[in-house]
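**Student:** got a structure for you, letters missing:
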DNA sequence: TTATATTTGTACCGATTGGTAAATAAATAA
DNA sequence: TTATTTATTTACCAATCGGTACAAATATAA
């Protein structure tokens, strides 16, 4: 399973980039690399990989499918991204800083209420966006899996936990700022929002529409109807 | 992928059982079967299979792991249950009529409110029951997967949809009986409950405790704190 | 041109996947 | 006892899994 080696090409590149950052401040003088140039765009390849992992999950994605989706042969993928696990991690990083960046951005809203409203409504849009796979990569890429993928599974669990904690921290801030009652348990509220969010992800992968998800959001923010 | 055959042993047995039901009314006169007796208990084996699928998902479960968990050799599994797909379906049926039967039972509560309260609270218990895997089989067994498992994936989506529709029907009944306001959209309410339920399943597989899930349920049934 | 560095394509690796052929074992029926 | 039926065991199948060795190709540096 686990492969040991001294340095692969992928790590070598990273290492050289770090050295460059450490010893020089030159704004990338191009300095044409020595050997045969890459025949593909790394960013585009990573985005293609992200989309496959997003729709099929980590375990459900095979290297064969990746080579087809990226249009690159296997050895080139391994040279550029390490291995399947590393490729997934880089795709995940791209997901978080790219299409899913709104999750972090939304916390800048003025009040906790606005944070939550915007978060859930944008999630409804995002999960059903026709330009990307349905649902949330972090929820569905390795919810269950074989033992060989449990590392990725645990990393995704940690990601979800981290997002939840950041929301709890935002609610603590809201309490300090007075736009959220003191008796509110920030962690519980964050878990409630996370639960809704994750449920919406499952709904989206199962075919729920944007309108249906938005209706769920409205309902979640309202009273239980019997008390109307 | 797909295997064609005239009759396997599994189908033969079902066929003979049906014939018996059709032509006789005798209450199973034992009628000892002809050949070598089964060396394992089918019910126990199915329960063991259910537990593996439940914790690892459909794709994450290998036949090798099943042979170990059931304590039966592969050919015996195939003879008794057909193939991996059929074994999963039978495990799923056992799940629905066994540990997850409360989902159907709970609809017998007097009011819609009681149905939902009981449903979500029992789900919180069920998802974190230490005697069984965490979360919901129907949510997590094939949320995403490779193309070869898409049949199972679609069947689980259909299951979730079916449960949701039955809840909507229960809410329609509640409206007719007057314990739910007429302006409530039964389908939307059902989707809201299903979303919470599915989110709770994700939370449970990620390590949420019973108490945390119960707190989420309480929150879901209450007002948004700002309106208190 | 020649040497060096890097990527590419092909063709392969051992391990594991779901699934099965065939011989043997254990039961009943004649 | 002998024939028949069914289950178990072992040992295997082709296909796919993630991953890689190696030589040809393509660039820069000397």
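**Tutor:** Thanks, I have the structure now. Not measured: the values here are computed from a predicted model.
**Student:** where is the longest helix in chain A?
**Tutor:** For chain A, the longest helix by residue count, based on DSSP state H, is helix A:150-177.
**Student:** elements contacting that helix?
**Tutor:** Using 3 or more C-beta pairs under 8 Å, 6 or more residues apart in numbering or on different chains; DSSP states H and E, the elements in contact with helix A:150-177 are helix A:84-97, helix A:112-127, helix A:137-140, helix A:186-205. The way it works is simple: take the backbone N, C-alpha and C, and place the C-beta from them, glycine included.
**Student:** give me phi/psi at the closest residue to DNA strand C within chain A?
**Tutor:** Distances between chain A and DNA strand C by C-beta to the nearest atom of the strand are smallest at residue A:35, namely 1.9 Å. Backbone torsions for residue A:35, taken as degrees, to the nearest 10, come to phi -90, psi -160.
**Student:** who touches residue A:182 in this structure?
**Tutor:** Listed by C-beta atoms under 8 Å, 6 or more residues apart in numbering or on different chains, the contact set of residue A:182 reads residue A:175.
**Student:** report the mean per-residue pLDDT for the host helix or strand of residue A:105.
**Tutor:** Taking DSSP states H and E as the criterion, residue A:105 maps to helix A:102-105. Helix A:102-105 shows a mean pLDDT of 98.
**Student:** next one: that helix to chain centre, how far?
**Tutor:** Relative to its chain's centre, helix A:102-105 lies at 11 Å (C-alpha atoms, centre = their mean, to the nearest Å).
**Student:** repeat that for stretch A:41-61.
**Tutor:** Worked out by C-alpha atoms, centre = their mean, stretch A:41-61 lies 12 Å from the chain centre.
**Student:** angles on the backbone of the nearest residue to residue A:144 once chain neighbours are set aside, please.
**Tutor:** In this structure, residue A:144 finds its nearest non-sequential neighbour in residue B:57, 3.3 Å apart by C-beta to C-beta, 6 or more residues apart in numbering or on different chains. When read as degrees, to the nearest 10, the backbone of residue B:57 gives phi 80, psi 170.
**Student:** report pLDDT for residue B:57.
**Tutor:** 98.
**Student:** correct me, but it touches residue B:140?
**Tutor:** Yes - Residue B:57 is in contact with residue B:140 according to C-beta atoms under 8 Å; the separation is 6.1 Å.
**Student:** mutual contacts of those two, please.
**Tutor:** When contacts are counted by C-beta under 8 Å, 6+ apart, residue B:57 and residue B:140 are jointly contacted by A:143-144.
**Student:** sorry, back to before: can you say which of the helices and strands packed on helix A:150-177 is packed in most?
**Tutor:** Per-stretch averages of neighbours, counted by mean count of other C-beta atoms under 10 Å in any protein chain shown, single out helix A:137-140 among these, with a mean of 27.
**Student:** mind listing what the residue nearest to residue A:111 when sequence neighbours are not counted touches?
**Tutor:** Excluding the flanking residues, the one nearest residue A:111 by C-beta to C-beta, 6+ apart is residue A:179, at 4.1 Å. Counting by C-beta under 8 Å, 6+ apart, residue A:179 makes contact with A:110-113, B:226.
**Student:** so residue A:179, which of the three states?
**Tutor:** What DSSP: H, G, I helix; E, B strand; the rest coil gives for residue A:179 is coil.
**Student:** how close does the nearest residue to residue A:136 once chain neighbours are set aside get to DNA strand D?
**Tutor:** Spatial nearest neighbour of residue A:136, chain neighbours left out: residue A:201 (4.0 Å); criterion: C-beta to C-beta, 6+ apart. Using C-beta to the nearest atom of the strand, to the nearest Å, we find residue A:201 at a distance of 23 Å from DNA strand D.
**Student:** contacts only, for residue A:201.
**Tutor:** A:123, A:127, A:135-136, A:139-140, B:202.
**Student:** number of nearby residues for the residue of chain A closest to DNA strand C?
**Tutor:** 5 (other C-beta atoms under 10 Å in any protein chain shown).
**Student:** what pLDDT is listed against it?
**Tutor:** The score at residue A:35 is 90. That number is its pLDDT.
**Student:** I'd like to check which residues are in contact with it.
**Tutor:** Contacts of residue A:35 (C-beta under 8 Å, 6+ apart): none.
**Student:** ditto for residue A:162
**Tutor:** Residues in contact with residue A:162 (C-beta under 8 Å, 6+ apart): none are found.
**Student:** switch the cut-off to 10 Å
**Tutor:** Residue A:162 makes contact with residue A:138, according to C-beta atoms under 10 Å, 6 or more residues apart in numbering or on different chains.
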